[in-house]
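Novice: Dropping a prediction and its sequence here:
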Amino acid sequence: MLSEDKLKEIQKRALAAVADMPDGELKTKAFEVFLQHLLSFESSTIQLKPARIEKVTATAKKSSRQAGTVKSRILLLKDEKFFEVPRTIRNVRDELRAHGWIHPNTALSGPLQGLVRERHLRRLKDKVWKYVNP
């Protein structure tokens with residue numbers, strides 16, 4: 001069980017992680033994700049020594065801020081079964097935004113076509129191009 005002081009510290013860390021984001025639904029969701037991550041991380045490291053906790057926390061914070069590629073983020077959506085039904089570039093963009101990753105449509109078309117060439121996705125022509133699992 002976490003103490004009240006520890007919970008307040010975790011809340012402050014989650015708030016600090018989203019402090020530079022504009023207020024709104026995305027910031028709220030990002031805060032929830034950070035808070036959940038920190039709580040689950042804290043509960044899994046309770047048995048570790050305090051110095052080790054600080055080192056692991058610093059490493060986790062550093063790795064969570066590393067930029068992922070657009071392709072890797074789209075593949076994450078694929079792993080989440082997002083492409084079970086055909087999706088437009090707009091659908092992909094909106095889902096990436098729900099995860100906190102902001103990309104314009106123009107930055108998505110190339111990586112999506114690359115994933116089609118690599119056979120990670122298929123592309124179907126309706127009135128617009130749609131992407132689906134192969």
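Specialist: The structure has been received and is ready for your questions.
Novice: Let's test this: mean pLDDT of stretch 84-104, rounded?
Specialist: Mean pLDDT, stretch 84-104: 92.
Novice: who touches it?
Specialist: For stretch 84-104, the surrounding residues in contact (CB atoms under 8 Å, 6 or more residues apart in numbering) are 26, 29-30, 33, 68, 70, 73-74, 76-77, 82, 105, 108-109, 112, 124, 126, 128-133. Every C-beta, even on glycine, is put in place using the N, C-alpha and C of the backbone.
Novice: Check stretch 105-112 too.
Specialist: The contact list for stretch 105-112, computed with CB under 8 Å, 6+ apart, reads Thr69, Val70, Lys71, Ile74, Ile89, Arg90, Val92, Arg93, Leu96, Leu121, Arg123, Tyr131.
Novice: can you give me the helices in this protein?
Specialist: For the chain, applying DSSP state H gives helices covering 4-17, 25-44, 50-64, 70-79, 89-98, 106-117.
Novice: Which one of those has the poorest average confidence?
Specialist: What stands lowest among these, in mean pLDDT terms, is helix 50-64, with a mean of 46.
Novice: Pull out the buried members of the contacts of stretch 84-104.
Specialist: Leu26, Ala30, Val70, Arg73, Ile74, Leu77, Phe82, Leu108, Leu112, Trp129, Lys130, Tyr131 (16 or more other CB atoms under 10 Å).
Novice: of all these, which comes closest to His37?
Specialist: Each of the buried ones among the contacts of stretch 84-104 was scored against His37 by CB to CB, and Ala30 proved nearest at 10.5 Å.
Novice: Just give the number of residues close to Ala17.
Specialist: Neighbourhood size, Ala17 [other CB atoms under 10 Å]: 19.
Novice: mind listing what the residue nearest to it when sequence neighbours are not counted touches?
Specialist: Distances taken as CB to CB, 6 or more residues apart in numbering put Phe34 closest to Ala17, at 4.6 Å, once the chain neighbours are dropped. Shown in contact with Phe34 (CB under 8 Å, 6+ apart): Arg13, Ala14, Ala17, Val18.
Novice: Hmm, His37 and the first one touching each other?
Specialist: To tie it back to what came earlier, the one meant is Arg13. No. Here Arg13 does not reach His37: they are 10.0 Å apart, not a contact under CB atoms under 8 Å.
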